[in-house]
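1. Give the three-dimensional model of this entry:
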Amino acid sequence: MERTSVRRLRPGFTLIELLVVIAIIAILIGLLLPAVQKVRAAAARTQCINNLKQMGLAMHSYNDTFGSLPTGWLTSTASQPSPGWSWEALILPYIEQDALYKALNPVIGTAIPAATAGTAIMTPVKVYRCPADGGQPTNSVFGGYVTTNYVCNREVLGPNASNVPANMAIQAISDGSSNTILVGERDYIRNVGGSQLIRHSASSCSFEGRPGKGLDITNPSPTSTADCTRLGFTSQHSGVVGFLFGDGSIRMVPSSLDSATDQDGCAYPASTQNHIFQNLIHPADGNPIGNF
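-> As a prediction, the model looks like this:
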């Protein structure tokens, strides 16, 4: 007598069980995403601090070599070329970019090359970009040149209001190098960013920042230079903006810092009202710096 074989069915998930598993996975992903985003934000912030630290070391090395800080915009009494070279070009040899410095030869009388892809001037310098800023690598506001996320305090690096060189030595900052900003952030998403290596003819906001409208204020027209907010310091970090101070220290300054927000952001020099942000910009106003 032949025995009929009975096929056993393998156990499997029911539809309800499958939906429960999917729901649990979705919940776990939802819980993990904020943690992953926090890790990424922390990593970007650390890299930004490192960028500023490298610029600080470069500034001090330049100061030791030439007896003063690099000028914000490379001018002379007789010549104020625009576009012209900026402080970022001058410190290239001190951030391990000597080959790029020699290729560009950033001196008075050297013409700024066109923003042509593949040329030396279009070489992105990693130290000049904050990884928290996901904006485009080139700046349409400034002729398609490479974007930078760092702009200088012109009241220390110069030039003065007449565009004549006025760069100071670190030792000459009478308010104290630890109380005076040299470089700060500006992002390319909420604002116009800066222009790497050059002072572009479109605006001085291509190389410098000013405190007039307050700290970390969004430009209402971030794709143009029409609003004075373009000269502000802004970032993509949550609630803070990174700054390099004259003593080489790096501080993530809170966006809530006391500022003269009612002042014209285009004014140069900036308002001398006794507000912490303005006091950190002015190198010789004699005002005490409060806690921040």
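2. show me what contacts residue 117?
-> Counting by Cβ atoms under 8 Å, 6 or more residues apart in numbering, residue 117 makes contact with nothing. For the C-beta atoms, the positions are set from N, CA and C on the backbone; glycine is no exception.
3. Let me fix that, I meant to ask about residue 281.
-> 153, 155, 180, 181, 210, 211, 270.
4. excluding its backbone neighbours, what's nearest it?
-> residue 211 (4.9 Å; Cβ to Cβ, 6 or more residues apart in numbering).
5. would you list every one of the helices in the stretch 1-150 of the chain?
-> With helices called from DSSP state H, counting those that start in this stretch, the stretch 1-150 of the chain shows them at 15-66, 87-90, 98-104.
6. quick revisit: for the contacts of residue 281, which single residue is the most surrounded?
-> Compared across the contacts of residue 281, residue 211 has the highest neighbour count, 30 neighbours, by other Cβ atoms under 10 Å.
7. can I assume that residue is in contact with residue 258?
-> No - with contact defined as Cβ atoms under 8 Å, residue 211 does not reach residue 258; the gap is 10.7 Å.
8. Tell me which residues touch the residue nearest to residue 281, please.
-> 232, 233, 259, 260, 270, 271, 277, 278, 280, 281.
9. so how far is the helix or strand of the chain with the lowest mean pLDDT off the chain centroid?
-> Ranked by mean pLDDT, DSSP states H and E, the weakest helix or strand in the chain is helix 15-66, scoring a mean of 86. Taking Cα atoms, centre = their mean, to the nearest Å, one finds helix 15-66 lying 17 Å from the centre of the chain it belongs to.
10. quick one, strands of the stretch 101-250 of the chain?
-> Remark: strands assigned in the stretch 101-250 of the chain by DSSP state E, counting those that start in this stretch are 138-139, 145-148, 150-153, 181-185, 194-195, 198-199, 208-209, 240-245, 250-254.
11. So for the fifth one, mean pLDDT?
-> The average pLDDT for strand 194-195 rounds to 97.
12. which helices and strands does it pack with?
-> strand 145-148 (3 or more Cβ pairs under 8 Å, 6 or more residues apart in numbering; DSSP states H and E).
13. ok, now the first one?
-> Counting contacts by 3+ Cβ pairs under 8 Å, 6+ apart, strand 138-139 packs against strand 145-148.
14. Recalculate using a threshold of 10 Å.
-> Helices and strands touching strand 138-139, by 3 or more Cβ pairs under 10 Å, 6 or more residues apart in numbering; DSSP states H and E, are strand 145-148, strand 194-195.
15. try the longest one
-> Counting contacts by 3+ Cβ pairs under 10 Å, 6+ apart, strand 240-245 is packed against helix 15-66, strand 150-153, strand 181-185, strand 250-254.
16. same check, this time on the fourth one
-> Other helices and strands packing on strand 181-185, by 3+ Cβ pairs under 10 Å, 6+ apart, are helix 15-66, helix 87-90, strand 150-153, helix 154-157, strand 208-209, strand 240-245, strand 250-254, helix 276-281.
17. go with 6 Å
-> The helices and strands touching strand 181-185, judged by 3 or more Cβ pairs under 6 Å, 6 or more residues apart in numbering; DSSP states H and E, are strand 150-153, strand 240-245.
18. Could you export those strands as JSON lines, including distance to residue 144 and mean pLDDT?
-> Below are the helices and strands packed on strand 181-185 laid out as JSON lines (distance: least, Cβ to Cβ, whole Å; pLDDT from 0 to 100):
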{"stretch": "strand 150-153", "distance to residue 144": "19", "mean pLDDT": "98"}
{"stretch": "strand 240-245", "distance to residue 144": "26", "mean pLDDT": "98"}
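19. For the ones you listed, give me CSV that also has distance to residue 215.
-> Formatted as CSV, those follow (distance: least, Cβ to Cβ, whole Å):
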stretch, distance to residue 215
strand 150-153, 13
strand 240-245, 6
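20. deepest of these, which one?
-> When those are scored by mean count of other Cβ atoms under 10 Å, the highest mean neighbour count falls to strand 150-153 (a mean of 28).
21. give me the low-pLDDT residue ranges for this protein?
-> 1-13, 35-36 (pLDDT under 70).
22. go again using 90 as the cut-off
-> 1-42, 109-111, 135, 223, 260-265, 271-274, 288-292 (pLDDT under 90).
23. Make JSON lines out of the strands of the stretch 101-250 of the chain and add distance to residue 97.
-> Shown next, in JSON lines, are the strands of the stretch 101-250 of the chain (distance: least, Cβ to Cβ, whole Å):
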{"stretch": "strand 138-139", "distance to residue 97": "19"}
{"stretch": "strand 145-148", "distance to residue 97": "13"}
{"stretch": "strand 150-153", "distance to residue 97": "14"}
{"stretch": "strand 181-185", "distance to residue 97": "16"}
{"stretch": "strand 194-195", "distance to residue 97": "17"}
{"stretch": "strand 198-199", "distance to residue 97": "15"}
{"stretch": "strand 208-209", "distance to residue 97": "21"}
{"stretch": "strand 240-245", "distance to residue 97": "17"}
{"stretch": "strand 250-254", "distance to residue 97": "20"}
